[in-house]
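J.: below is the sequence, then the predicted model.
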Amino acid sequence: MRFAIYGTGGVGGYFGGRLAEAGEDVTFIARDDHLAAIQRDGLRINSICGDFAVVPAQATDDPATVGVVDCVIVAVKAWQVAEAAAAMAPLVGPDTLVLPLENGVEAADHLGEALGDDRVLGGLCGILAYREAPGVIRHAGVDPFVRFGERDNRPSERTQRLKAVFDAAQGVSAEIPDDIHVAIWSKFLFICAMSGVGAVTRAPIGVSRTLPESRRLLEQVMEEIVAVGWARGVALPDTAVRRAMKFVDSLPETSTASMQRDIMAGLPSELDSQNGAVVRLGEAAGVATPINAALHAALLPQERRARGELDF
């Protein structure tokens, strides 16, 4: 298949790299010094599953030079999805699949509005990875997986075909869940809790999950998310929080979420797409979310400063 990776950070770089390593036709959409390094030296992935490199690597900052592809993997920050949807239009034809691998629960809706609901799958991934240097991705934790499916949960030939491609790649586990919305919200539980609590405490997950007070805070964030999900018709199981905490407990002690790292570095973050989304979706559904509201309010001044809206 012909792929375009829209956003060549930790997620897009790793999964796109694995697809290229398996022989698929992959073009990486990147910018600035990262793009220059990939074009010059290829894309290198330093991974706990084994280091590898894509040399040469196809890379550009102009989707119009790529043309229509079979699948666009969207791996930008959640707050960049709307801008990306407009820019990726030259990549999308009548039969193109668009697979978002974003944090949050709203990316597929935003992409569907811009590109057509019939082209967009529900999707998520699991990996602890980040851009280590221009042209270099570091996979530091979590056995990498992708999960995707039709947004109405119907079986389809196109999702099976996409799964077969991922199955042929090393270092990736691919699954089509029975209910893609449950899968997306199940990830949202732990990534939103880990992001918000981590950004406030400035501590790695090994600390937050160990202290009784901050561990309880993680659980409370998740409990509110489950309540909002139920109100929106997402069939999360009664065991969702317990299962999410089990995953949190399995992470390396030094793990941090990308939203936490961005806030600590003074960069724009996914705050509005994570804890902010819980508050916004909760209000729309008539569900109180005081813990997420408090985390969102506490972090908002730093977010506004990072976006140039406040100066202090």
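T.: Right, received. Where do you want to start? Residues are numbered from 1 along each chain as shown.

J.: from here on, just use CA atoms for contacts and neighbour counts.
T.: Fine.

J.: confirm residue 138 sits in a strand?
T.: Yes: Residue 138: assigned to a strand according to DSSP: H, G, I helix; E, B strand; the rest coil.

J.: may I have the beta-bridge partners of it?
T.: residue 46, residue 130 (DSSP bridges).

J.: touching, it and residue 46? I think so.
T.: Yes: between residue 138 and residue 46 there is a contact at 4.9 Å, judged by CA atoms under 8 Å.

J.: who has more neighbours, those two?
T.: Higher neighbour count among residue 138 and residue 46: residue 138, with 22 against 17, using other CA atoms under 10 Å.

J.: and the least confident helix or strand in the chain by mean pLDDT, how far out from the chain middle?
T.: Using mean pLDDT, DSSP states H and E, helix 81-87 stands out as the lowest-scoring helix or strand of the chain, at a mean of 93. Centroid separation for helix 81-87 versus its chain: 15 Å, with CA atoms, centre = their mean, to the nearest Å.

J.: ok, now stretch 214-224?
T.: Taking mean C-alpha positions (CA atoms, centre = their mean), stretch 214-224 and its chain are 21 Å apart.

J.: identify the residues contacting it?
T.: 189-190, 192-194, 197, 208-209, 241, 245, 278, 288-289, 291-292 (CA atoms under 8 Å, 6 or more residues apart in numbering).

J.: give me the mean pLDDT for it.
T.: Stretch 214-224 comes out with an average pLDDT of 98.

J.: let's have the chain start at 454 instead
T.: I'll keep to 454 as the first residue from here, and by that count the last item is stretch 667-677.

J.: now it: buried residues?
T.: For stretch 667-677, burial by neighbour count (16 or more other CA atoms under 10 Å) applies to 667, 668, 670, 671, 672, 673, 674, 675, 676, 677.

J.: closest to residue 637 among these?
T.: residue 675 (13.5 Å; CA to CA).

J.: got a winner among the contacts of stretch 667-677 for most neighbours?
T.: Ranked by neighbours (other CA under 10 Å), these are led by residue 731, which has 32 neighbours.

J.: that residue falls within a strand, correct?
T.: No: secondary structure of residue 731 (three-state DSSP): helix, not part of a strand.

J.: from what I can see it touches residue 742, true?
T.: Yes: the pair residue 731 and residue 742 passes the contact test of CA under 8 Å, sitting 7.2 Å apart.

J.: now stretch 586-602 - C-alpha only, CSV.
T.: Extracted in CSV, the C-alpha atoms of stretch 586-602 (Å, rounded to 0.1, in the frame of the first residue of the first chain):
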residue,chain,number,x,y,z
ALA,A,586,17.0,14.5,17.4
PRO,A,587,16.4,15.7,13.8
GLY,A,588,15.9,12.5,11.8
VAL,A,589,15.9,10.3,15.0
ILE,A,590,13.0,8.7,16.8
ARG,A,591,13.4,7.1,20.3
HIS,A,592,11.0,4.3,21.2
ALA,A,593,11.5,4.1,24.9
GLY,A,594,8.6,2.0,26.3
VAL,A,595,5.4,0.0,25.7
ASP,A,596,5.0,-2.8,23.2
PRO,A,597,3.7,-0.8,20.1
PHE,A,598,0.2,-1.5,19.0
VAL,A,599,-2.4,0.0,16.6
ARG,A,600,-6.1,-0.5,16.9
PHE,A,601,-8.6,0.7,14.3
GLY,A,602,-12.0,0.0,12.8
